[in-house]
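J.: Make a model of this:
(2 chains)
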Amino acid sequence: MIDLSKVKKRSTADIAKRILQDISDGAYVNLGIGQPMIISNYLPSDREIILHSENGLLGMGPLAQGDEIDEELVNAGKQPVTMLPGASLFHHADSFAMIRGGHIDICVLGAFQVSVKGDIANWRTSDPKAIPAVGGAMDLALGAKKLFVMMEHLTKSGESKLVKECTYPLTALAAVDSVYTDLATIAVTPEGLVAIDWVEGLSFEDLQELSGIDLRKY
Amino acid sequence: MIQKISSSATEALQDIADGSSILISGFGDAGLPIYLLDALIKQGAKELTLVSNNAGNQGVGIAKLIGAGRVKKIICSFPRQPESGAFDDLYRAGKIELELVPQGTLAERIRAGGAGVGGFYTPTGFGTELAAEKDTRVIDGVNHIFEKAIKADYAFIKADKGDRWGNLVYHGTGRNFGPIMATAARCTIAQVNEIVELGILDPEIIVTPGIFVKRVVLAGGKS
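T.: Presented below is the predicted three-dimensional model:
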């Protein structure tokens, strides 16, 4: 049994900052609703990273405060936002042409499960009473040039969210490029999952055991 | 003389029959034509099929219409919203039909409907439960599924400014589904914040040309 209390887990902010190391100057990026939106709080000042919002905005700025709030200018999570100089507005079909047409460089989504083949499940659980809602997840997962997943490594009950086969309903097949968790950074390759880095206090063998699937060292 | 400005929402909505299909713009509350939806509740048409990104929230707009038992079916991408109670209850009771569509596919199906395209193949959704029973095809080595165009009897959209020819400009991300829905309905009704004289809107920035719009209603005007 691995003693996780000695492991220095990444906070959500740490995961966000780790993801930003892999986003280059000039990238067009879409941040999924939920945890990935936090990344916008840590955008580096030395790089121009252009944020796309699926509801028709490129060049999205920080959340709107006070007098800046305009209920007709919102992000994908329906929160009021601001626009940066150079921003543009467009309708939904153009917005999803950017996504589905392969014009968005990177999309960051949350997930319930990612498989060794890069399949992603992130839009519904197996709860029969839950109202299904897919939004833009299936378009984003396949359309962006690269798909990053930001998630906890383990479920609340300690099961790995990296799996051999997804058991939750699929969002897309073979779509994920990299996974960033509170424990590690994992690349999805044709030969399987590769651990790029992992947190202090955790050995590669520990990571392998916790993940419950085959991993290779970078 | 062309005069698309309706004197009231009641007049603009009077011919909507039971069983009609209606496209409704909006992403959450942004771009949602609440003024027209309130008028539709008063108007009384029922057995409606709605096409919209969401299924309403907080008991207003689409949620109010659903709560009043007037909607038979909704085609949308994200019905789950804060306090989308009216929809949730009817859905669990099997009293409202839901066709769940990925958001980009929803937008493209509407764009296809407005452009006279019968449908298209897309990779989005391949291998998922939303692809069940859909035709598939491999194009350039990539798996695609067939998606049919969406057309409707009416479109209710919200714009910022409009003129008597039906030319429209929008505000912020309230634009969302408006411009594409305007093209895909037999009769598009636009709710606007302001009516301007013909020629005031700069032709270089008009987003929806008037050819796509049949009626323009001033929000907050006489109902």
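
J.: List the residues that contact the residue nearest to A:Asp105 when sequence neighbours are not counted.
T.: Closest residue in space to A:Asp105, ignoring its immediate chain neighbours: A:Ala27 at 4.4 Å, by CB to CB, 6 or more residues apart in numbering or on different chains. Where you see a C-beta, it was placed from the backbone N, CA and C, and this is true even at glycine. Neighbouring residues of A:Ala27 by CB atoms under 8 Å, 6 or more residues apart in numbering or on different chains: A:49-50, A:105-106.

J.: what two of the residues you listed are the furthest from one another?
T.: Taking CB to CB, the two most distant members of the contacts of A:Ala27 are A:Ile50 and A:Ile106; they sit 10.8 Å apart.

J.: Now for those two: what residues contact both?
T.: Overlap between the contact sets of A:Ile50 and A:Ile106, as judged by CB under 8 Å, 6+ apart, is given by A:27-29.

J.: From these, which land in helices?
T.: Members of those lying in helices (criterion: DSSP state H): none.

J.: Just the ones in strands from the residues you listed, please.
T.: Cross-referencing the shared contacts of A:Ile50 and A:Ile106 with the strands (criterion: DSSP state E) gives A:28-29 as the overlap.

J.: Just put the shared contacts of A:Ile50 and A:Ile106 in a markdown table and tack on distance to B:Leu50 and pLDDT.
T.: Output for the shared contacts of A:Ile50 and A:Ile106, formatted as a markdown table (distance: CB to CB, whole Å; pLDDT from 0 to 100):
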| residue | distance to B:Leu50 | pLDDT |
| --- | --- | --- |
| A:Ala27 | 37 | 98 |
| A:Tyr28 | 33 | 98 |
| A:Val29 | 33 | 98 |
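
J.: Give me the nearest residue to residue 134, chain neighbours excluded.
T.: Using chain A here. Sequence neighbours aside, A:Trp123 is the residue nearest to A:Val134 in space, at 4.8 Å (criterion: CB to CB, 6+ apart).

J.: That was the other one, I meant chain B.
T.: Beyond its immediate neighbours in the sequence, the residue positioned closest to B:Lys134 (CB to CB, 6+ apart) is B:Ile145, lying 4.5 Å away.

J.: report the longest strand in chain A, please.
T.: Chain A, longest strand under DSSP E: strand A:81-89.

J.: which one in chain B is furthest away from the centre?
T.: Note on chain B: the largest separation between a C-alpha and the mean C-alpha position, by CA atoms, centre = their mean, falls on B:Gly141 (34.3 Å).

J.: correction: chain A
T.: Here the farthest residue from the centre of chain A, with distances given as CA atoms, centre = their mean, is A:Asp67 at 30.7 Å.

J.: element containing the residue nearest to A:Val134, please.
T.: Using DSSP states H and E, A:Trp123 sits in no helix or strand.

J.: How many neighbouring residues does it have?
T.: 26 (other CB atoms under 10 Å in any protein chain shown).
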